[in-house]
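S.K.: all I have is the shape, not the residue letters:
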């Protein structure tokens, strides 16, 4: 199998190699994100964290993987087995296929779609299906309540995320993620769109069910929410899907607001680093803030969560979108 691109014959093996490279890097990053989260939170809480398996506990993710692989898979009585097992697979698959359009450097992307941002928005919106399927198929009140919470939470915050994205797209004048990054040469968008940057980051926390918006998994109320009845690798796929979404959303934040792979200043000391390294640094910074927020803030009540999304973020992002469009028309950048 092969395809023609700009007059050059690209073998299917090369495309497969690019996909494997992305998948392997993301999988390893997910494994060590769990380790980093435990070490960072333990340091913030003056604990030790993982330090036994391997030097400095670096082999702990692999020990966790072996443990989950060897555990028994339990299917609840009265559940729907097919949907029960499809749910975690769907959640994990969606988290991985979103990387198809994420450029980590100029030309370093699996598929450089002209409407890449729409593809990302569509894939992230489908994540709710896996969670609802898990809650319904588990035949558990706790799981079902967690799934309903997650569905309403994700739908609520996707609206304001959409308005924030449109503000950035209007400024860049393109739906292509590579062109959005190139448009930020000289000025990253988190500066002119700083309020939208804060709203988008907060909405990402709600979209990925992370603290302080982890209400679908509220241990004090719902045991583990939609994951209550899952064990073994089915549970691990949900767990990995959450961390893959965290990394993917951090990549989106970096591309939309932090200049992607661009260095902060176009001078020699900063240009020595490869663009992929700059992209990785920004993603790691966003992930650190994810973990920092988890260790710092208490969980929101559900009514507070809904009020923040519908009565604060939605009207503010809509007003900002109108102001952005008006400014661009006034300055002649959009006709």
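M.R.: It's in. The structure displayed is predicted, hence computed values, not measured ones.

S.K.: burial count for residue 208?
M.R.: 23 (other C-beta atoms under 10 Å). For glycine as for every other residue, the C-beta is placed from the backbone atoms N, C-alpha and C.

S.K.: got a list of what it touches?
M.R.: Residue 208 is in contact with 242, 245-246, 249, counting by C-beta atoms under 8 Å, 6 or more residues apart in numbering.

S.K.: would you format the residues you listed as a markdown table with pLDDT and distance to residue 202 included?
M.R.: Converted to a markdown table, the contacts of residue 208 look like this (pLDDT from 0 to 100; distance: C-beta to C-beta, whole Å):
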| residue | pLDDT | distance to residue 202 |
| --- | --- | --- |
| 242 | 84 | 17 |
| 245 | 88 | 15 |
| 246 | 90 | 14 |
| 249 | 90 | 12 |
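
S.K.: give me the buried subset of the residues you listed.
M.R.: 242, 245-246, 249 (16 or more other C-beta atoms under 10 Å).

S.K.: and of these, the nearest to residue 291?
M.R.: residue 246 (9.3 Å; C-beta to C-beta).

S.K.: just checking, what packs against the helix or strand where the closest one lies?
M.R.: Using DSSP states H and E, residue 246 maps to helix 232-257. The contact analysis (3 or more C-beta pairs under 8 Å, 6 or more residues apart in numbering; DSSP states H and E) places helix 232-257 against helix 12-44, helix 60-70, helix 81-97, helix 116-137, helix 141-172, helix 177-182, helix 194-207, helix 275-296.

S.K.: next, the buried residues of it.
M.R.: Those would be 233-257, for helix 232-257 by 16+ other C-beta under 10 Å.

S.K.: rewinding a little: got a markdown table for the contacts of residue 208, with distance to residue 176 too?
M.R.: Formatted as a markdown table, the contacts of residue 208 follow (distance: C-beta to C-beta, whole Å):
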| residue | distance to residue 176 |
| --- | --- |
| 242 | 28 |
| 245 | 22 |
| 246 | 24 |
| 249 | 19 |
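
S.K.: contact partners for the nearest residue to residue 184 once chain neighbours are set aside?
M.R.: In space, and not counting its chain neighbours, residue 184 is closest to residue 259: 4.4 Å by C-beta to C-beta, 6 or more residues apart in numbering. Residue 259 sits next to 181, 184-185, 188-189, 282 when contact means C-beta under 8 Å, 6+ apart.
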